[in-house]
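Novice: I'd like to go over a predicted model; first the sequence, then the structure.
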Amino acid sequence: MIPAPPGWEAFYEITAGPAGKERVTERHTPVVAWSDDGDALVVEEATGRLVPAGQAGKLRAVARTGFTDVLPGGGWMAEYREDNGALTSYAIVAWQVSAYTGYLEPVSVNDDGTTESMLTATGNFVRLWHPSWPAPHPTS
């Protein structure tokens, strides 16, 4: 086992919310070490044991992370298409600036008042938009 350097995290996709209003978000879990076979290892919350990251949830990626800054959301919105075809928008309350890529990652507030990263790479993501823009074009 090789201890993981700081900044490595496993990203898990989480679907939550009532039927018809599900929302896809993500959870970040620190990578603690790398196995002798090259698997990223994380702490499994239920048992407190180290397990391969792929066994601890719906793994999206293992990546080096870290944020250099957080910027205000500025009124931006993230839009998703629900299973029934309806469009739902969520307010972006902040943008996290990645220390490694320089990219901005949108952050929203979920129903229990905690912040979460918004996923823009999921199949139901439609767009990021700002209410000051002209009326949106119909989306397919």
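Specialist: Happy to help now that I have it.

Novice: Pull the contacting residues for the closest residue to E13 other than its chain neighbours.
Specialist: Nearest residue to E13, sequence neighbours excluded (C-beta to C-beta, 6 or more residues apart in numbering): K58, at 4.6 Å. Any C-beta I mention is one placed from the backbone N, CA and C, and that applies to glycine too. Neighbouring residues of K58 by C-beta atoms under 8 Å, 6 or more residues apart in numbering: 12-14.

Novice: can you give me the strands in the protein?
Specialist: 2-3, 8-16, 23-30, 33-34, 40-43, 50-52, 59-64, 67-72, 77-81, 87-91, 94-98, 104-109, 115-117, 125-129 (DSSP state E).

Novice: Partner strands of the helix or strand of the chain with the lowest mean pLDDT, with direction?
Specialist: Least confident helix or strand, the chain: strand 115-117 with a mean of 74, by mean pLDDT, DSSP states H and E. Sheet pairing of strand 115-117 (DSSP bridges) gives strand 104-109 (antiparallel).
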